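Student: I'd like to go over a predicted model; first the sequence, then the structure.
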Amino acid sequence: MAQKMTIKKVGIPKSLYYFFYPDLWKTFFETLEIEVILSESTSRKTIELASSVAESENCLPIKLFDAHILELIDKVDVLFVPRIISTIKKHCSCPKLSVLPDVARILAPGKVITFEINENKIKLISSLQKFAQELGFSNSIAKKAANRAVNATKKHTEEKEQSKKTEASFFIVSHPYNLYDDYITGPVIKKLKKMNISYEIIEFKKEKRKKDAIRWDTCGEMNDNLFQLDPEKCKGVIQISSFNCGCDSVMLETSRSVLKEKSIPFIVLIIDEHSALAGVDTRLEAFIDSVRWKNEQNCNS
Amino acid sequence: MNKIAIPNMGNYSIAFAAIADAMGATPWISPTTPEIVKLGYEVSPDSLCLPFKIFIGHFIKAAEEGVEYAVMVNGNGPCRLTYYRQLLQKILDERGLKMHIFGLGDTGIKPPIIKHYDPPFFKFWRGALWALQKMFLIDEIEKLAWKTRPREIKKGETSTVTNQCLLELEAAKTGIEISILKSKIFERFTAININTDKKVLKVALVGEASVLRDKYLNHSMEELLGGLGVEVVNYFLLGVELKNIFFPHLSGKHSKKHMLEIAKPYLQTKVGGHALDSIAHSIICGEDSYDGVIHLCPSGCMPEISIRPILRKVSSDYDLPVLECSFDEHTSHVGLVTRLEAYIDMLYDRRKKNGKEHNT
Ligand code: SF4
Ligand code: SF4
């Protein structure tokens, strides 16, 4: 494992786990006095790089991950890439997230630092602490970094919770790395704003849930949220899903039946590196118009 | 009506049929056909993977013929398979088809399927033992076929013998009959005229189980390659799988633990499905100087696709050419054959070149 003194700059790709654990990694490394270099936000350039280097049958988020890693390689001493097995107890993550460090090592040999996130075995706060120790830090510093990091991400979630608008008519679900990547979800939000539509974006609480139809962590939580929607308040659900996303392909079957039962209109916007979100505009508009029309009909009758 | 539908697992279907028999059920097994594929694609959500569509195709076909039960493995890993039994059942129910799907694996010592059929203890275990015997014999037959086919003088003879043996194995009803057949099989294969001097290539097939085993889905890849003068090794072995499910501590060399050990420099997790196996087996092939590895997977298969970059690294480190094949209902036979031929030509060229290099 790399020694404490050798790591001055750590690179974190602005993809996947960066969005899944907001503020966590930056706080963690900065407490260890390691400078954090983030890759640039996803742009047309990232997408182009991703489609030229990444495995073509993969989903967009994983392709983007490759591109973000490539962008960082020469700017940093090491790259941070965790192995994600499970982010919520009794659940599991998408299998593609379990191979990230192995794939990153091929792109950046000798430069990857990693640890395993597996809440089924060990709590994140403890595994973070162990990770810092492996990097050569003392017990107390490691503990401090882990605590601060976990608190930072908690705070982030709480603040978001508080700033939540109350009356939203549309509900947007997707994986965190799609939702918070402006290049991916931005056009949807822009469109909604332009149409003067109120919306709410799903918040991931990462809490252990009771019994679930879906064991995948993020998909399960999305599904759970859909179960709880109130048809009186929610006028429609917009799901952003990556082409070739295996988890979504299963989850969509449950979402569809849940929403159908509640009679909540549902649209799935599929993204890939070619379309990104072009064409989404018109589909979204048509969807919203149809929902409005339906509501007017209901009011009139 | 006591029939039970069993998904196609290539030659292994024979062993599954024997198990059903032991339970006192009549197996319903069909080769995958264009009709079944069509049925499957019509009712399946587009984005689900090939095995799902094929399973449901078989089950619907069976249900339409009045079969009321079906069986499949229960996944419990991070992959989609975990949800498939439920989703398949839902499709059947929605279409008003009266079929119940039993899940196998991870359901304790007396899974629902055994409870349902409740076979007499002795009869069941005797039958299960015969089924196991059949399974191992299927492996023997296949291994002989893999070795003989590329060297046969009369084209097609190996396949004829293989099919004959499999038919007789299917018909064998008792342990004694199976043993008698066993002694005959070896003789039959040695009776095939072969060119012993022929230099054949050795290529392994690794990847996802259903495309490795269902000959319709993989376009009879073993036979195609044999015809091109290639000795094939198919790395999906049912015996190994069963051991890994039921007696993991007994599976030794093929246990997931051992494979993690082998794959460690490249891959340090099980991923899901057979992705770890794909990497570990490719490394083994690299060490054993195979000429090449063909990686078969359904289009968009989560675990197998996610390890492709790793597979490429193994390929370059071991100087082991890997051909990647994704399968779905659109896979063109002509296209596949062309790719295989080009790949095999390339392997022959490498042999020649490497041979020369050795001489200088
Ligand atoms: S959950 Fe879907 S989008 Fe996310 S990594 Fe897995 S396959 Fe890709
Ligand atoms: S391993 Fe591949 S083919 Fe099998 S269920 Fe998972 S995604 Fe589908």
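Tutor: Done, it's in. Ligands and ions are numbered 1, 2, ... in the order given.

Student: the closest residue to ligand 1 within the stretch 101-250 of chain A: how many residues sit nearby?
Tutor: Distances between the stretch 101-250 of chain A and ligand 1 by C-beta to the nearest ligand atom are smallest at residue A:245, namely 3.1 Å. Any C-beta I mention is one placed from the backbone N, CA and C, and that applies to glycine too. The criterion is other C-beta atoms under 10 Å in any protein chain shown. On that basis, residue A:245 has 27 neighbouring residues.

Student: pretty sure it contacts residue A:62?
Tutor: No. With the criterion set as C-beta atoms under 8 Å, residue A:245 and residue A:62 do not qualify as a contacting pair; they are 9.4 Å apart.

Student: ok, for the residue of the stretch 101-250 of chain A closest to ligand 1, nearest residue in space, not its chain neighbours?
Tutor: Residue nearest to residue A:245 in three dimensions, not counting chain neighbours: residue A:59, with 4.7 Å by C-beta to C-beta, 6 or more residues apart in numbering or on different chains.

Student: next one: phi and psi at that neighbour?
Tutor: Dihedral angles of residue A:59 (phi, psi; degrees, to the nearest 10) stand at phi -80, psi 160.

Student: now do residue B:3
Tutor: Recorded main-chain torsions at residue B:3 are phi -90, psi 150, according to degrees, to the nearest 10.

Student: what ranges does the chain have for its strands?
Tutor: Using chain A. Assigned by DSSP state E, the strands in chain A fall at A:9-12, A:35-38, A:78-80, A:83-86, A:112-113, A:116-118, A:170-173, A:199-201, A:236-242, A:266-271.

Student: you looked at the wrong chain, it should be chain B
Tutor: Per DSSP E, chain B carries strands over the ranges B:3-5, B:26-28, B:69-73, B:100-104, B:201-207, B:230-234, B:292-298, B:322-327.

Student: nearest to residue B:345, out of these?
Tutor: Comparing the strands of chain B by their distance to residue B:345 (C-beta to C-beta), the top pick is strand B:201-207, with 10.5 Å.

Student: which non-adjacent residue is nearest residue A:258?
Tutor: Take residue A:258 and drop its neighbours on the chain: the residue closest to it by C-beta to C-beta, 6+ apart is residue A:226, 5.1 Å away.

Student: neighbours of that neighbour, how many?
Tutor: Counted by other C-beta under 10 Å, the residues lying close to residue A:226 total 23.

Student: that one and residue A:261 touch, don't they?
Tutor: No. Checked against C-beta under 8 Å, the pair residue A:226 and residue A:261 is beyond contact range at 10.3 Å.

Student: quick one: residues contacting the residue nearest to residue B:117 when sequence neighbours are not counted.
Tutor: In this structure, residue B:117 finds its nearest non-sequential neighbour in residue B:23, 4.2 Å apart by C-beta to C-beta, 6+ apart. Taking C-beta atoms under 8 Å, 6 or more residues apart in numbering or on different chains as the criterion, residue B:23 is in contact with B:113-114, B:117, B:119, B:124, B:127.

Student: then residue B:104?
Tutor: By C-beta under 8 Å, 6+ apart, the contact set of residue B:104 is B:71-74, B:111, B:113.

Student: hmm, who's touching stretch B:203-210?
Tutor: Counting by C-beta under 8 Å, 6+ apart, residues outside stretch B:203-210 touching it are B:7, B:9, B:50-51, B:54, B:212, B:217, B:221-222, B:225, B:230-236, B:241, B:273-274, B:277-278, B:281-282, B:285, B:290-298, B:301, B:304, B:344, B:347.

Student: repeat that for 7 Å
Tutor: Counting by C-beta atoms under 7 Å, 6 or more residues apart in numbering or on different chains, stretch B:203-210 makes contact with B:50-51, B:54, B:212, B:217, B:221, B:225, B:230, B:232-236, B:273-274, B:277-278, B:281-282, B:285, B:290-298, B:301, B:304, all of which sit outside it.

Student: good, wrapping up.
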